[in-house]
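**Student:** I'd like to go over a predicted model; first the sequence, then the structure.
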Amino acid sequence: MNYVPSKHWWYAWLEWDAASVLEDLRAIASLGMDHIRVQLLWPVFQPDPSVVSAMALERLRDLLDLADHPDVSLDVSVCVLDGWLSGFTFLPAWLSGRSMITDNEVVCAELLLLDTLAGHIGGHRRFLGFDLGNELSVPNGDVPAERGDQWAALLLDHCERVAPGRFHVNGIDNQPWFEARTFTPAGAATQGRASVLHTYPYWTGAIKRYGPDGTGVLHLGEYMAELAEAFSPVRGRAKWLQEFGASPTERPVDSIPQWAASFVRNTLSSGGIWGCTWWGSHDIDRRFTGFVEYEYDLGLLTVDNAVKPTGARLRDLIKELRDAPVRPAARPVALVLPDSRELGLQVADRFFALVEEGVRPALVTSERADDAAHLSARGITELVHF
């Protein structure tokens, strides 16, 4: 799960309550989860370009220690440069309109933060790896995608140097996949240890286009996973369904548990899925009044750690999948992607139409459509052109 502290949201770095965090993590573990993704508030951790907060570092270390509690045993992915989180932009005051991607002095500050974090938690046995930042195409939409790829490569290589062998990724949203915004699909499918997928039916526009129970909503994660597979030069590269979820503001609340289970199973049919990480662990406490309504009820747990119906359904699903994992679907039919950078729902329509006909298609880039060895390695025997 993407951990959302029950008592103080991620303002928890300032309002630290270790007992509450431990209670939260125990509740998460009780659902059968094996990892969490946590969000650092960048202004809290690095209030000055040359200073990293000792208090914040100690609280992060405390969180990893709590994750290592015998009742918990959760691995922790640490998302670092959080310029965008739950509808808010969190950027340090010292950034002052400068680009976090193209300004060399800012990049040096980012490397310092990664160095310091690695020195403090890099050897912790619960530390899974660094995520560069949450959905960084949102606050950096004006950065050319090739330039964004260069930045991501630089920082991910640095992560590997300072914390070798860990699971380092770039936590992009759907925009790089759908429209090559800030980062390219090719970069997303080659950099870091996994291709990251944020597959919200609401934020992608799928629920508006296909309806709450439409094929394009039930199979959105599968489409995006196949998109990542198409751009990866490595057969079966790991894909992380890093964020997915649903709010009662977008669909009937009693339909969410079954949608969630179907969505996971359909996504797993793509094969190579490293993990599935729901957003988020807990609802947002209603005493915080600044969030949009969509954000408040995304949790699998209430602010009192009661299990919600979707949490119970996913707990059962985890048991089912551990006993009988989903077998990847054979995909002999492949859609050849257009050369355009626009690979969003207008392209996905054809994918979902084939699914409705009983075909589970693959996707292949036009550059590889004539590569017999590539097609053979993926079991593709028939191409469908747009």
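**Tutor:** Okay, I see it.
**Student:** ok, Trp61 - contacts?
**Tutor:** For residue 61 the amino acid is Arg, not Trp. Under the criterion of Cβ atoms under 8 Å, 6 or more residues apart in numbering, the contact list for Arg61 reads His120, Ile121, His124. Quick note: C-beta positions are derived from backbone N, CA and C, even for glycine.
**Student:** go again using 6 Å as the cut-off
**Tutor:** Ile121 (Cβ atoms under 6 Å, 6 or more residues apart in numbering).
**Student:** Quick check on the residue nearest to Gly275 when sequence neighbours are not counted: phi, psi?
**Tutor:** Spatially, and ignoring its direct neighbours in sequence, Gly275 is nearest to Trp240 (5.6 Å; Cβ to Cβ, 6 or more residues apart in numbering). Here is the backbone geometry of Trp240 (degrees, to the nearest 10): phi -110, psi 110.
**Student:** 10 is where my numbering starts, stick with that
**Tutor:** Renumbered: residue one is now 10, and that last one reads Trp249.
**Student:** Count the residues that sit near Trp249.
**Tutor:** Residues contacting Trp249 under the criterion other Cβ atoms under 10 Å number 26.
**Student:** Helix, strand, or coil at the nearest residue to Gly180 once chain neighbours are set aside?
**Tutor:** Once flanking residues are discounted, Gly180 sits nearest to Asp140: 4.3 Å by Cβ to Cβ, 6+ apart. With DSSP: H, G, I helix; E, B strand; the rest coil as the basis, Asp140 sits in strand.
**Student:** hang on, the residue nearest to Gly284 packs against Gly281?
**Tutor:** No: Trp249 lies out of contact with Gly281 (Cβ atoms under 6 Å); the separation is 10.0 Å.
**Student:** What ranges does the chain have for its strands?
**Tutor:** With DSSP state E as the criterion, the chain has strands at 44-48, 84-88, 136-143, 178-180, 204-207, 248-253, 282-287, 342-345, 371-373, 391-394.
**Student:** Rebuild those as a markdown table, extending it with distance to Glu155 and mean pLDDT.
**Tutor:** A markdown table is the format used below for the strands of the chain (distance: least, Cβ to Cβ, whole Å; pLDDT from 0 to 100):
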| stretch | distance to Glu155 | mean pLDDT |
| --- | --- | --- |
| strand 44-48 | 27 | 98 |
| strand 84-88 | 24 | 98 |
| strand 136-143 | 17 | 98 |
| strand 178-180 | 15 | 98 |
| strand 204-207 | 18 | 98 |
| strand 248-253 | 23 | 98 |
| strand 282-287 | 26 | 98 |
| strand 342-345 | 23 | 98 |
| strand 371-373 | 22 | 97 |
| strand 391-394 | 27 | 96 |
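**Student:** Make a markdown table from the ones you listed and add distance to Met233 to it.
**Tutor:** Below are the strands of the chain laid out as a markdown table (distance: least, Cβ to Cβ, whole Å):
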| stretch | distance to Met233 |
| --- | --- |
| strand 44-48 | 18 |
| strand 84-88 | 19 |
| strand 136-143 | 17 |
| strand 178-180 | 14 |
| strand 204-207 | 5 |
| strand 248-253 | 8 |
| strand 282-287 | 11 |
| strand 342-345 | 14 |
| strand 371-373 | 10 |
| strand 391-394 | 19 |
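**Student:** Out of the ones you listed, which is closest to Thr319?
**Tutor:** strand 282-287 (8.2 Å; Cβ to Cβ).
**Student:** Quick check: neighbours of the closest one in the sheet, parallel or antiparallel?
**Tutor:** Here strand 282-287 is paired, per DSSP bridges, with strand 248-253 (parallel).
**Student:** what sits against the residue positioned nearest the centre of the chain?
**Tutor:** When Cα atoms, centre = their mean is applied to the chain, the residue found nearest the centroid is Gln251 (2.6 Å). Residues in contact with Gln251 (Cβ under 6 Å, 6+ apart) are Gly180, Val205, Thr286.
**Student:** From Glu366, how far out is it?
**Tutor:** 30 Å (Cβ to Cβ, to the nearest Å).
**Student:** List the residues that contact Val116.
**Tutor:** Contacts of Val116 (Cβ under 6 Å, 6+ apart): none.
**Student:** what about it, distance to Leu23?
**Tutor:** On the measure of Cβ to Cβ, Val116 and Leu23 end up 26 Å apart.
**Student:** Leu384: how many residues sit nearby?
**Tutor:** By other Cβ under 10 Å, neighbour count at Leu384 equals 19.
**Student:** which residues sit in contact with it?
**Tutor:** Applying Cβ under 6 Å, 6+ apart, no residues contact Leu384.
**Student:** So it versus Pro242, what's the distance?
**Tutor:** For Leu384, the distance to Pro242 - Cβ to Cβ - is 14 Å.
**Student:** Ok, Thr224 next?
**Tutor:** Distance from Thr224 to Pro242, by Cβ to Cβ: 29 Å.
**Student:** So between the two, which is more surrounded?
**Tutor:** Using other Cβ under 10 Å, the more surrounded residue of Thr224 and Pro242 is Thr224, with 21 against 10.
**Student:** you'd agree that one is up against Glu365?
**Tutor:** Yes: between Thr224 and Glu365 there is a contact under Cβ under 6 Å: 5.3 Å.
**Student:** what's the nearest residue to Trp93 if we skip its chain neighbours?
**Tutor:** Nearest to Trp93 is Val147, by Cβ to Cβ, 6+ apart, at 4.2 Å.
**Student:** Tell me, how many residues neighbour the closest residue in space to Leu90 that isn't next to it in sequence?
**Tutor:** Spatially, and ignoring its direct neighbours in sequence, Leu90 is nearest to Gly142 (3.5 Å; Cβ to Cβ, 6+ apart). Look at Gly142: counted by other Cβ under 10 Å, it has 26 neighbours.
**Student:** Before I go, just wanted to say thanks for your time.
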